[in-house]
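Visitor: this one's sequence-less:
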């Protein structure tokens, strides 16, 4: 496969994978605008573009720049996590679950080590008792 064909293939793959995400962002912008009661005209005035240009942005007929996206988010009082529908709680809980699993594994390993040490101490105690019993027997024989 030539380099040009690979580039075109990956561009197509990229576009297919991300078109849905772009449409989701635009849908959230449109829904937020409607909830706020803002018209296309109001948004176009705030963005200093024509109403038809704003309509094209919402319909994904024009590329939305990062700068303009940030301005729209500011106008609609949306955080970037809201614009991109990033669930920070999900990220937090995934991180928390990883930490819990790590702690559980650490605890399990430490518990196993404590059990091994305890068993070793019990064996040493039994050996010491045997030695002491032999000493007692020897002392009894001498006396």
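Guide: Here it is on my side, so go on. The model shown is predicted, which means the values in this text are computed figures rather than measured ones.

Visitor: pLDDT weak spots in the chain?
Guide: 1-17, 88-93 (pLDDT under 70).

Visitor: helices or strands next to the longest helix along it in the packing?
Guide: Longest helix in the chain by number of residues (criterion: DSSP state H): helix 88-142. Applying 3 or more Cβ pairs under 8 Å, 6 or more residues apart in numbering; DSSP states H and E, one finds that helix 88-142 contacts no other helix or strand. All C-beta atoms are positioned from the backbone trio N, CA, C, and that covers glycine.

Visitor: now it, how far from the chain's geometric center?
Guide: 36 Å (Cα atoms, centre = their mean, to the nearest Å).

Visitor: stretch 38-56 too?
Guide: Chain-centre distance of stretch 38-56: 35 Å, with Cα atoms, centre = their mean.

Visitor: what domains does the record give for this protein?
Guide: Recorded structural domains for the chain (assignment: automatic domain parsing) are 3-86, 87-143.

Visitor: can you put these in a markdown table and add mean neighbour count?
Guide: Shown next, in a markdown table, are these (neighbours: other Cβ atoms under 10 Å):
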| stretch | mean neighbour count |
| --- | --- |
| domain 3-86 | 13 |
| domain 87-143 | 10 |
